[in-house]
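> fold the following for me, if possible:
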Amino acid sequence: MIKAAKIAISLPKENLKKIERLRKKMGLERSAFIDKAVCFWIRAMEKQEMIKAYEEGYRNQPESVDEIKAMENLAADAFKEEGLQ
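Residues are numbered from 1 along each chain as shown. Model (predicted):
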């Protein structure tokens, strides 16, 4: 069984109306709907952090000219094999 904790929050009335409409349409209890929304937001934030880390790594160690040329050649070969060139 998942341990849960209760919280009390205040929301703008318009947001609550939207939440109620959506959760009813989805057939979810309010807690389940909010949990799904929070999980979605957390995953989105984690994805953004991974993208930032990737971008930072690339800025710190970009591909060399030789690596770029090798990838271009591989891509050209792949297009030829597929008859796209």
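
> so where's this protein uncertain?
The chain contains residues with pLDDT under 70 at 1, 84-85.

> ok, which stretches of it are helices?
Secondary structure of the chain (DSSP state H): helices at 13-26, 30-60, 65-81.

> check which helices and strands the shortest one sits against.
Helices and strands touching helix 13-26, as assessed by 3 or more CB pairs under 8 Å, 6 or more residues apart in numbering; DSSP states H and E, comprise helix 30-60. Every C-beta, even on glycine, is put in place using the N, C-alpha and C of the backbone.

> try the longest one
Contact analysis of helix 30-60 by 3+ CB pairs under 8 Å, 6+ apart lists helix 13-26 as its packing neighbours.

> residues of the helix it packs on that come out buried?
For helix 13-26, the buried set under the neighbour-count rule, 16 or more other CB atoms under 10 Å, comprises residue 23.

> what's the angle from that helix to helix 30-60?
Orientation of helix 13-26 against helix 30-60 (axes from the mean of the first three to the mean of the last three CA atoms, to 10 degrees) gives an angle of 100 degrees.

> still on that earlier bit, any chance of the helices of the chain in a markdown table, plus distance to residue 2?
Shown next, in a markdown table, are the helices of the chain (distance: least, CB to CB, whole Å):
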| stretch | distance to residue 2 |
| --- | --- |
| helix 13-26 | 19 |
| helix 30-60 | 10 |
| helix 65-81 | 46 |
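
> would you list the phi and psi of residue 8?
Phi and psi for residue 8, reported as degrees, to the nearest 10, are phi -120, psi 130.

> wait, residue 29
Dihedral angles for residue 29 - degrees, to the nearest 10 - are phi -70, psi 160.

> how about the helices of the chain, which one is nearest residue 5?
Proximity to residue 5 (CB to CB) singles out helix 30-60 among the helices of the chain, at 10.9 Å.

> now the closest one: how far from the chain's centre is it?
Centroid separation for helix 30-60 versus its chain: 5 Å, with CA atoms, centre = their mean, to the nearest Å.

> which positions in it come out as buried?
Burial within helix 30-60, assessed by neighbour count using 16+ other CB under 10 Å, is assigned to 33-34.
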